[in-house]
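K.L.:
generate coordinates for the sequence data below:
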Amino acid sequence: MLGLLLRIQKKSSSLFGSAVSYMLKMAQGSFQHFISFTLLLLCSKPGLGSGCVEKERQALLDFKQGLVDDFGILSSWGNEEDRRDCCKWRGVQCSNRTSHVIMLDLHALPTDTVHKYQSLRGRISSSLLELQHLNHLDLSLNDFQGSYVPEFIGLFSKLRYLNLSEARLAGMIPSHLGNLSNLHFLDLSRNYGMSSETLEWLSRLSSLRHLDLSGLNLDKAIYWEHVINRLPSLTDLLLHDSALPQIITPSALSYTNSSKSLVVLDLSWNFLSSSVYPWLFNLSSSLVHLDLSINQIQGLIPDTFGEMVSLEYLDLFFNQLEGEIPQSLTSTSLVHLDLSVNHLHGSIPDTFGHMTSLSYLDLSLNQLEGGIPKSFKNLCSLQMVMLLSNSLTAQLPEFVQNSLSCSKDTLEVLVLSWNQFTGSFPNFTGFSVLGHLYIDHNRLNGTFPEHIGQLSQLEVLEISGNSLHGNITEAHLSSLSKLYWLDLSSNSLALELSPEWTPPFQVGYLGLLSCKMGPNFPGWLQTQKDLFSLDISNSSISDVIPSWFWNLTSKLIKLRIANNQIRGRVPSLRMETAAVIDLSLNRFEGPIPSLPSGVRVLSLSKNLFSGSISLLCTIVDGALSYLDLSDNLLSGALPDCWQQWRDQLQILNLANNNFSGKLPYSLGSLAALQTLHLYNNGFLGELPSSLMNCTKLRLVDMGKNRFSGEIPTWIGERLSDLVVLSLRSNEFHGSISSDICLLKELQILDFSRNNISGTIPRCLNNFTAMAQKMIYSVIAHDYLALSIVPRGRNNLGITPRWAYSSGSFDTIARYVDSALIPWKGGEFEYKNILGLVRSIDLSSNKLSGEIPKEITKLMELISLNLSRNHLNGQIPSMIGQLKSLDVLDLSKNQLDGKIPSSLSQIDRLSVLDLSSNNLSGQIPSGTQLQGFEASSYMGNPELCGSPLKTKCQEDETAQTSPTSDGNEDDLQDDEFDPWFYVSIALGFLVGFWGVWGTLVLKSSWSEAYFRFLNKIKDWFF
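P.N.:
Numbering: from 1, shown residues only. Next comes the predicted model:
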């Protein structure tokens, strides 16, 4: 029988009709005959039962030869007897009727690592052209290493489904894809090297229903909207992040054959303008899902959005929308509404209560104010409510109990951070599925209630930055078994937890900044094995850090234990993923430990660390952006490995240590450096010329070292962004080059206590920042840091924009700089008002010549110290223009001449020292200058007047005049009286005839005058 079947299998398909006829006759035969001829019928269908077509099998094997299969995806493909049937191969599907391959689905599956896939690598072989019956091709999420989309794909005439998304393809989209006239589904998205100068080829795909070109570069594909209008069957259009050109002439659009069937439209991240509206609103009748986020749409929100009766999903996140939220947004079909990150103001409309299907609402990062409308109580389907960073005001307990009462059983995420909500901590009893609660940075007061423990589903609890107080005990936390993110920072809370307590949760993020836990180190922390971020700074701990603590740090991304009194040595930090380590303001001692190679922010300042810092060179991956080792006992020369952080290191503070030797040349490779603190060490030698490459520097403080040589001219030529430059207390010599005047942003210049000679450059008026009022009180720099987002369940399949996924991501942090400035006889550290300081200090040098008058143009200068030099000449006469001057010290020079009278006009002056010069004449009168001590003027032998005891000659004459002979007074009276009376007579005559003479000579004026007198008489009588 088997041999018979094999022979029958080779017969032509014409046997099929005969077999059917014969089977009808067999109905009257035996059951055995029926079975035999049934097999004959089935086997006579072409290809059935024989496995795949041979040439197609060979084509698939040739395709495999061009791929690298790291994960064994194609292990079932082969020539062995048990693997010859390609219809059974993974990813291959054949027709039941013809055995031809009709589907090839090799999309990569995810690995255990986020965003990593079990990808095939290589190229797409042209051997696939043998699969002419293919109607489904999916090679997405593989790695074709920047190769082009093969043009032969356009020859698969039966193809209905094509997915090449995120496959690392590049080049131009082949226009041959327009030949796939049967195509229903096309996805080329997230191939970021692909582009197209036109989309005209799409117009031939009349059957297309789903189109996704997201992530491709379409910036030259003008009139793309016309092409979309010619796709009548299209239901899903996704063009996210495609650099779409603006719609230039919307009024000229032709809507003939325009697609009215669009259900899903995603134009997000294209920076489109409001010109998209006319084309968009023509499609509005069918739209269910509309995403216009991350564009440049300006103006008011059109009422038309509220008229889209089918719309369920509306996303306008991150545009430039302004005005109030329109009251027309009342659609009962709307499920998802995102208006976050715009410029919307006013209050939340009461009409929001009509959107009874709403489950996702995000109004974050706007300028909304006022309370929450009472109509929120009608929204019984709310699952996510995000109102982050507005100016909303309400009593939070009332809002929770009243406005959210209807959504107790559905609300999963509530984000009210950074508003002005007041009142006590709300009662969330009954919110049975609440998993994420953010009420941080508001104005809440009172105690932290125990009923928070009833939220058994709580995963994220963020209450930092309020005014809560009281004790937190085990009763508050014992039922929160799912808790993963806990932040109680910046309140007035105290943790009263037993060292032996075993919490029911394993948190990953634990923020306890400024929570009182000391003096002993909290023992219960050793139970937390999943920590990736820990902050117990400023928590009153004064203890030796236990050895078990360092075993917890292996998974940490962030570790902050600053501002305590923790003692002991720090062992090697085996934190493979650590990015932020802050141990500052403690009493750690010993050498700096071995550090993780990937650390990004490292602060060990204000401790007792000692020895060399050569171990820094083990941080090899180049991620270090912030390094603060100041105020320790570190010593030795700096290592010469700075080039490995050339593009990242932005903040470097090594001040107040015992470092010595010359600065390494590689220090100048830090092209991203913005702040350099080397103050108070033992560095010596000339500044390396390589530092001229650090062109982003804004603050340089190298004071109190032993640097020598001339002040380099490249400081002015190359470091044009400098705001603070301090080289004081060194051994610099030579003159000050006029190139220093190129520093137009400079606010603080300190070259004091060196051996600098020559004259003061006359171009100091080019320091324009010292002549202008500044808005900002701080000098701040942005640097690359790390942010951590919460992990939590996501039953909705949607995630807030501020928490895309669990884990961490790069972010920009702000560093507020500080500087130690000599002021009024002392040294003070300025930080929060450093940006307001304008100061020039050239004191204790060997400068000569005159004080340049150009210095009086620096109208906002607050402190000027030129003392202890060899300056001569006069004080500039216009020095009174420096109205903001608070400190002026010109003492111990060779200045001569009079004190300019304009100096008395500076009413803010609180410190003045003109002593030990050759000034002469009278101290200008005025309460300001007479209010200083006599010591401010001492050492000027020819200076006189108050507050000095030396009287001026004019004063002595005035004091002796009452005791002089009376004849002189009589003579003066005789000389004065005649002229006095003559002037009175002349005044009378001019005044009298000036009025009456005019009235006599001008009759019309005299008549008007007397009529006026008559009216005056009538008014009074």
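K.L.:
so residue 222 sits in a strand?
P.N.:
No - looking at residue 222 with DSSP: H, G, I helix; E, B strand; the rest coil, it is coil, so not inside a strand.
K.L.:
that one contacts residue 245, doesn't it?
P.N.:
Yes - counting by CB atoms under 8 Å, residue 222 touches residue 245, with 4.9 Å between them. No exception for glycine: its C-beta is placed from N, CA and C like everyone else's.
K.L.:
name the residues contacting each of the two.
P.N.:
With contacts defined as CB atoms under 8 Å, 6 or more residues apart in numbering, no residue is shared by residue 222 and residue 245.
K.L.:
quick one: the helices in the stretch 801-950 of the chain, in order.
P.N.:
For the stretch 801-950 of the chain, the helices defined by DSSP state H, counting those that start in this stretch cover 927-930.
K.L.:
what number of residues lie near the nearest residue to residue 818 once chain neighbours are set aside?
P.N.:
Closest residue to residue 818 apart from its sequence neighbours, by CB to CB, 6 or more residues apart in numbering: residue 831 at 3.8 Å. Residues near residue 831, counting by other CB atoms under 10 Å, number 13.
K.L.:
residues contacting residue 831?
P.N.:
778, 816-818.
K.L.:
do residue 588 as well
P.N.:
So residue 588 contacts 566-570, 604, 607-609 (CB under 8 Å, 6+ apart).
K.L.:
likewise for residue 247?
P.N.:
Residue 247 touches 225, 253, 272, 275-276, 278-279, counting by CB under 8 Å, 6+ apart.
K.L.:
swap the cut-off to 7 Å and go again
P.N.:
225, 275-276, 279 (CB atoms under 7 Å, 6 or more residues apart in numbering).
K.L.:
residue contacts, residue 526?
P.N.:
Residue 526 sits in contact with 548, 552, where contact means CB under 7 Å, 6+ apart.
K.L.:
from residue 59, how far off is residue 607?
P.N.:
68 Å (CB to CB, to the nearest Å).
K.L.:
neighbour count for these two, which is higher?
P.N.:
Neighbour totals were compared for residue 607 and residue 59, and residue 607 leads with 26 against 20 (other CB under 10 Å).
K.L.:
touching, the more buried one and residue 632? I think so.
P.N.:
Yes - counting by CB atoms under 7 Å, residue 632 is a contact partner of residue 607 at 5.6 Å.
K.L.:
just checking, residue 907 touches residue 928?
P.N.:
Yes - Residue 907 lies in contact with residue 928 (CB under 7 Å); the separation is 5.9 Å.
K.L.:
look at these two and report which has more neighbours.
P.N.:
Ranked by neighbour count (other CB under 10 Å), residue 907 and residue 928 place residue 928 first, with 17 against 10.
K.L.:
residue ranges for the helices of this protein, please.
P.N.:
2-9, 15-26, 31-43, 54-65, 224-229, 277-281, 396-398, 474-477, 547-551, 714-718, 927-930, 953-960, 966-1001, 1003-1020 (DSSP state H).
K.L.:
and the shortest one, what other elements does it pack with?
P.N.:
Right, helix 396-398. For helix 396-398, the packing partners by 3 or more CB pairs under 7 Å, 6 or more residues apart in numbering; DSSP states H and E come out as strand 422-423.
K.L.:
gap between the strand it packs on and the chain center?
P.N.:
What separates the centre of strand 422-423 from the centre of its chain is 29 Å, taken as CA atoms, centre = their mean, to the nearest Å.
K.L.:
which other helices and strands does it contact?
P.N.:
Counting contacts by 3+ CB pairs under 7 Å, 6+ apart, strand 422-423 packs against helix 396-398.
K.L.:
mind running it again at 8 Å?
P.N.:
helix 396-398, strand 443-447 (3 or more CB pairs under 8 Å, 6 or more residues apart in numbering; DSSP states H and E).
K.L.:
just the ones you listed: most buried one?
P.N.:
Using mean count of other CB atoms under 10 Å, the stretch among the helices and strands packed on strand 422-423 with the largest mean neighbour count is helix 396-398, at a mean of 18.
K.L.:
quick check: mean pLDDT across that helix?
P.N.:
For helix 396-398, mean pLDDT is 96.
K.L.:
which other residues reach it?
P.N.:
416, 421-427, 439, 442, 444.
K.L.:
with stretch 299-315 instead?
P.N.:
Contacts to stretch 299-315, defined as CB under 8 Å, 6+ apart, come from residues 268, 274, 277, 281, 284-293, 316, 321-323, 325-326, 328-331, 333-339, 344, 357.
K.L.:
show the contacting residues for the closest residue to residue 650 other than its chain neighbours.
P.N.:
Distances taken as CB to CB, 6+ apart place residue 783 nearest to residue 650, at 4.1 Å, with adjacent residues excluded. Residues in contact with residue 783 (CB under 8 Å, 6+ apart) are 625-626, 650-651, 674, 812-815.
K.L.:
tell me which stretches of the stretch 751-900 of the chain form strands.
P.N.:
Along the stretch 751-900 of the chain, counting by DSSP state E, counting those that start in this stretch, strands occupy 755-759, 780-789, 807-816, 819-823, 826-830, 839-841, 846-849, 863-865, 870-874, 887-889, 894-897.
K.L.:
do you know the pLDDT at residue 989?
P.N.:
With respect to pLDDT, residue 989 scores 46.
K.L.:
repeat that for residue 1013.
P.N.:
Residue-level pLDDT assigned to residue 1013 equals 39.
K.L.:
low-confidence ranges in the stretch 751-900 of the chain?
P.N.:
781, 784-812 (pLDDT under 70).
K.L.:
same thing but 90
P.N.:
Across the stretch 751-900 of the chain, the ranges flagged by pLDDT under 90 are 771-836.
K.L.:
re earlier: want to throw the contacts of residue 588 into JSON lines with distance to residue 125 and pLDDT?
P.N.:
Shown next, in JSON lines, are the contacts of residue 588 (distance: CB to CB, whole Å; pLDDT from 0 to 100):
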{"residue": "566", "distance to residue 125": "63", "pLDDT": "96"}
{"residue": "567", "distance to residue 125": "67", "pLDDT": "94"}
{"residue": "568", "distance to residue 125": "63", "pLDDT": "93"}
{"residue": "569", "distance to residue 125": "61", "pLDDT": "94"}
{"residue": "570", "distance to residue 125": "57", "pLDDT": "94"}
{"residue": "604", "distance to residue 125": "56", "pLDDT": "97"}
{"residue": "607", "distance to residue 125": "62", "pLDDT": "97"}
{"residue": "608", "distance to residue 125": "66", "pLDDT": "97"}
{"residue": "609", "distance to residue 125": "60", "pLDDT": "97"}
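K.L.:
any chance of those residues in a markdown table, with distance to residue 838 too?
P.N.:
Formatted as a markdown table, the contacts of residue 588 follow (distance: CB to CB, whole Å):
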| residue | distance to residue 838 |
| --- | --- |
| 566 | 40 |
| 567 | 42 |
| 568 | 44 |
| 569 | 45 |
| 570 | 41 |
| 604 | 33 |
| 607 | 34 |
| 608 | 37 |
| 609 | 36 |
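K.L.:
may I see the PyMOL selection of the buried members of the residues you listed?
P.N.:
The PyMOL selection below is limited to those of those classed as buried (16 or more other CB atoms under 10 Å):
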select buried, resi 566+567+570+604+607+609
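K.L.:
nearest to residue 911 among the contacts of residue 588?
P.N.:
Closest approach between those and residue 911, by CB to CB: residue 607, at 35.7 Å.
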